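Colleague: next input, structure requested:
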Amino acid sequence: MTYILSGFLFGCLIPYLARRIGKLMPASFGYILLKMWWPAHYMPWAKLKTNPKYMGLLQRYIMRAVGWGIFTAAASYLFANVFAPSSSGYAVWHVAFLWILLLLIETDKRFMLLPDVLTLPLLIMGFTYASFSGPWIMQDIWPILSPAEYSALGAAFGFLMPVLASLFVVWKYPEAFGAGDVKLLAALGSWMGISGISYVILGACVIFAFTCLINRMRVGPFGPAIVYAALIYLLLSFSL
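Modeller: Numbers count the residues shown, from 1 in each chain. Purely as a prediction, here's the structure:
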């Protein structure tokens, strides 16, 4: 119940947090924490409620926040009870991993931005988790590596693969991979290792291509496709 309630509250804040982070970037982590809850401009409610355009935006914002809250609550329960070992301490790590990914989805969709203040902590968390609690995803074909080595190698692989791939397409599509996409893949590699991040990269490309086909667009945020692929991989890994 704790993860359901906390997940709902955090999910309701996702649209607000994404908007504030997007508006404040580029900025340090400390500056964002300082300015997160203090908007630069404030208008009295009595004036805002007479603006029909603002009230319409507020209604859509509330519906979006509640939708995120319901989804995050359900996903938090799943991550805490299915993807975690018996220790509740591990569950906290996994739920934090989920929350950062969901916040990255909203930030990239709205601002085409995967900020370092989210991706770098995710990378550090993955390496720390592997070092002290063992690999989250089984090492399968890499049993000779320690969990920390497995995590570091996965992060390096997640960073290098898109960089090498972009060398073949940068002449035609100079923005094929953004720096934020690469850092997100490196962060996920620290959690999932080489085998996991390989499937995530492949799945993200398929999901992104399908999204572009459905929406009839040539460019768009790649971060959500990466996150969706990672979540699908986790679901399949633990269900099988």
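Colleague: the helices in the chain, which residues?
Modeller: For the chain, helices defined by DSSP state H occupy the ranges 2-24, 29-35, 45-48, 52-81, 88-111, 116-133, 147-169, 179-215, 223-239.
Colleague: which stretch in these has the least confidence?
Modeller: Of all the helices of the chain, the minimum mean pLDDT falls on helix 45-48 (a mean of 63).
Colleague: on that earlier part again, can you list the helices of the chain in TSV and add mean neighbour count?
Modeller: C-betas here are computed from N, CA, C, even on glycine. TSV is the format used below for the helices of the chain (neighbours: other Cβ atoms under 10 Å):
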stretch	mean neighbour count
helix 2-24	18
helix 29-35	13
helix 45-48	9
helix 52-81	15
helix 88-111	20
helix 116-133	18
helix 147-169	18
helix 179-215	20
helix 223-239	19
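Colleague: any idea how far the closest residue to Pro224 other than its chain neighbours is from Gly154?
Modeller: Leaving out its chain neighbours, the residue that sits closest to Pro224 by Cβ to Cβ, 6 or more residues apart in numbering is Ile105, at 4.7 Å. For Ile105, the distance to Gly154 (Cβ to Cβ, to the nearest Å) stands at 21 Å.
Colleague: and Ser28, by the same measure?
Modeller: Counting by Cβ to Cβ, the gap from Ser28 to Gly154 is 27 Å.
Colleague: kindly report the same for Gly56.
Modeller: Gly56 is 45 Å from Gly154, by Cβ to Cβ.
Colleague: ditto for Phe222
Modeller: Taken as Cβ to Cβ, the span from Phe222 to Gly154 is 19 Å.
Colleague: then Ser131?
Modeller: 13 Å.
Colleague: likewise for Gly126?
Modeller: Taking Cβ to Cβ, one finds Gly126 at 8 Å from Gly154.
Colleague: which residues are common contacts for the two?
Modeller: Gly189, Ser190, Trp191 (Cβ atoms under 8 Å, 6 or more residues apart in numbering).
Colleague: closest one of these to Thr211?
Modeller: Gly189 (22.5 Å; Cβ to Cβ).
Colleague: how about that closest one: what's its closest non-neighbour residue?
Modeller: Spatial nearest neighbour of Gly189, excluding adjacent residues (Cβ to Cβ, 6+ apart): Gly158 at 2.9 Å.
Colleague: repeat that for Phe157.
Modeller: Closest to Phe157 by Cβ to Cβ, 6+ apart is Ile194, at 4.8 Å.
Colleague: check contacts around that neighbour.
Modeller: Trp142, Tyr150, Leu153, Gly154, Phe157.
Colleague: right, and Asp116 touches Val182 too?
Modeller: No: Asp116 lies out of contact with Val182 (Cβ atoms under 8 Å); the separation is 11.5 Å.
Colleague: what's the burial count for Thr50?
Modeller: When neighbours are counted by other Cβ atoms under 10 Å, Thr50 registers 9.
Colleague: swap in Pro115?
Modeller: Every residue meeting other Cβ under 10 Å relative to Pro115 is counted, giving 23.
Colleague: pretty sure it contacts Met25?
Modeller: Yes: using Cβ under 8 Å, Pro115 makes contact with Met25 at a distance of 5.2 Å.
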